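Colleague: A predicted structure for the sequence below; I have some questions about it.
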Amino acid sequence: MKKLILNTALLSVISMAGMAQWVAQPSNLSANRYAQFIDAVDTSVVWAIAADPANQLTPVQEFTKTIDGGNLWIAGPINNAVGLSPSGIYALNADTAWAAMFNGSAGGGKIMKTTDGGVNWTWQSTAAFAAPAGFPNIVYFFDANNGICMGDPNAGYFEIYTTTDGGDNWIRTPQANIATQLAGEFGITSVYTAHGDSTLWFGTNLGRIYKTIDRGLNWTAVSTPYTGSYIGDIAFKDALNGIATNGSPATALSDIIRTTDGGATWNLVATNTANILTKVLSFVPGTASTYFLSSPQAGGGTAFTLDDGDTWVSADNLIHSDIEFTAPEIGWTGSNELNAPMFRWNGPVAANCAVITGPLTFASADSICAFDSVIYSVPVDFTNDPSTRIGFNAIFYDEFFNQIGAQSVPDLIAAGFPNQFIPDPGTPDIGTLNFTIFFSLAPTSEIVHFSIQVFPTQCTDDTSNAIINSVFQDVSSCAIVNVGTSQAVLDMTSCPMTGLVTYTVSHSVNGGTPIAGDTFSCVGSTGFVNLEFLVDNGICVKTISAQINCTGVGIDELEANDFMFYPNPAGDQITIKTGSELEISSLVVTDLAGRIVAQIANPVFSNTTFTMPLDKLQSGSYLITIFSDNKIAATKKLIRL
């Protein structure tokens, strides 16, 4: 039936190295059976109900139980339940337990109870679950008398019963007291959790969670981010704080959902559990924030979180079924591994993680240019856990070291950051981790600083020393080249300038050797000229390209021979001569910034010699540009002594 928790019949070889603290215990179930659902009463008493791993619809009426912490499991039949298959089990103590069971072919189901340790089972018929629509999903008791059982919609609404006498009499909760189900919505076997003496939540196939706070007399329902998907399981650590998982393998994401208001609202929490699907949950009692999850999918294994689900540590990759912890160091799961053992967790739930053995250092420049990357190196000892992932925290500051942002990446590999582990000679798990971080900042000032700190993902308190980088502004995005008729000048006035960075500017002409300065003149050039202005802040060199047309601006051979002046360098005046082929319409003298400092506006005919005073010019370099027919005929450099 599609609403059952999915299983796989594939077996994998048990790897003790990967099992961490899971210890196999013979379940003593019949061949081709495994413990699908369990209920742990305390550290000694645990019950489990069996199913067929190949097909959960196969009728199976068998349980197994331990009363000594798993040293011995005793299996037995559930009588008076012919043709039924398991939905779940709840145990009160070593003698009393209830089982919810369904008929996979004809529909309907039963609540079965034992009070003699499983020797005899009695059908509690007032919880009708009549065929064909009846289908019990869960049974749970708050104490010896007060309990709830829940099944799929029957006669138009969820079939929910409550009892105050141990199940001798079950009373169905009226439809008016139950939030209306959606079209096609139903419950899921054993997907529920309870807290305290009156509160219980159960999940549905459409990603909703129902809740009662009065032992089943009234029910509310809320949607979650898993709309349209099965709820995989639910676990709460107190009345307000809990997590839930996605139970649809085809759409299960690498996330959980979390609530801090008792289930009124749920929010996605991105996690590193992408390889664990159809997740089953248990809170670890006696801890502050520890949960365990298991998966019946091949290779899914188990994992735990110490921080309410933010990060998860893989414990193994075996096939597990239901999971439940009764103490900080004791828990159980069923399993579909070879011979269907039970597994018991012994010892603290703690991460055996890699160790950062030295400071974070640079494998590349200690300051970087905007939109570039930095390669870091950090020594790591992976001996404790070669599967440990490495993450980093980053804090961003402005040029005056005021914090302006932060980022945390718990897993470099999952986030796609390039990395390489280089082991030391003879020590395959000890060596140096090199990784590359890319930055794409848009600083509003000349420089932004950032601090990087590396940590093993599951041990965030064990961090490396922070290291600080500086990201310089990308001047290529704010500097421009002003191209005139005879010169090109780099303009950086649009770039933020605080005086904290010193820039050196040069330019190259047609790929030649760079020349110092931010101005190019067409003197000595003709035709189209390709320019590259280089801005160097001492660490980064940025290039701004431009092109200028020096045709008719530079020294044309004919016109250059038709125009001359002397002396050069000059004193207070120069003599200018024109040849037979050139008539000057005007002449201007400019400084290297392009400012006109002297000019002759009247025409000068060919074959003319005249003087031009320079006494008002300061010593330095200038450009003389002559115009013929109102266009530039030639430009020459003049040096004033």
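Modeller: Cool, got the structure.

Colleague: Phe605 against Thr578, yeah?
Modeller: Yes - counting by C-beta atoms under 8 Å, Thr578 is a contact partner of Phe605 at 7.4 Å. No exception for glycine: its C-beta is placed from N, CA and C like everyone else's.

Colleague: Look at those two and report which has more neighbours.
Modeller: Thr578 (21 against 9; other C-beta atoms under 10 Å).

Colleague: how about the helices in the stretch 401-550 of the chain?
Modeller: In the stretch 401-550 of the chain, the helices defined using DSSP state H, counting those that start in this stretch lie at 412-415.

Colleague: Check the chain too.
Modeller: Listed in chain order, the helices found in the chain under DSSP state H are 412-415, 557-561.

Colleague: quick one: buried residues of the first one?
Modeller: Neighbour counts using 16 or more other C-beta atoms under 10 Å place Leu412, Ala414 of helix 412-415 among the buried residues.

Colleague: follow-up on the earlier one: what's the least confident stretch among the helices of the chain?
Modeller: Of all the helices of the chain, helix 557-561 carries the lowest average pLDDT, namely a mean of 42.

Colleague: okay, the closest residue to Ala194 other than its chain neighbours: pLDDT?
Modeller: Excluding the flanking residues, the one nearest Ala194 by C-beta to C-beta, 6 or more residues apart in numbering is Leu200, at 4.3 Å. With respect to pLDDT, Leu200 scores 98.

Colleague: thinking Leu200 is in contact with Val191, fair?
Modeller: No - here Leu200 lies out of contact with Val191, judged by C-beta under 8 Å, at a distance of 11.7 Å.

Colleague: okay, how far is it across stretch 501-517, tip to tip?
Modeller: 17 Å (C-alpha to C-alpha, to the nearest Å).

Colleague: List the buried residues in that stretch.
Modeller: Buried, per 16+ other C-beta under 10 Å, within stretch 501-517: Val501, Tyr503, Val505, Ser506, His507, Ser508, Val509.

Colleague: Next up, the contacts around the residue nearest to Ala194.
Modeller: By C-beta atoms under 8 Å, 6 or more residues apart in numbering, the residues touching Leu200 are Tyr140, Ile148, Tyr192, Thr193, Ala194, Lys211, Thr212, Arg215, Gly216.

Colleague: Let's see that with 10 Å instead.
Modeller: 138, 140, 142, 147-148, 150, 192-194, 210-216, 219, 234, 236 (C-beta atoms under 10 Å, 6 or more residues apart in numbering).

Colleague: who's it bridged to?
Modeller: Note on Leu200: beta-bridge partners by DSSP bridges are Ala194, Thr212.

Colleague: Excluding covalently adjacent residues, which one is nearest to Gln36?
Modeller: Of all residues not flanking Gln36 in the chain, Ala51 sits nearest, at 3.9 Å (C-beta to C-beta, 6+ apart).

Colleague: Measure how buried the one you found is and give me the count.
Modeller: Per other C-beta under 10 Å, the neighbour tally for Ala51 reads 28.

Colleague: please begin residue numbering at 45 from this point
Modeller: Understood, numbering begins at 45; the last thing we discussed is Ala95.

Colleague: Alright, calling it a day.
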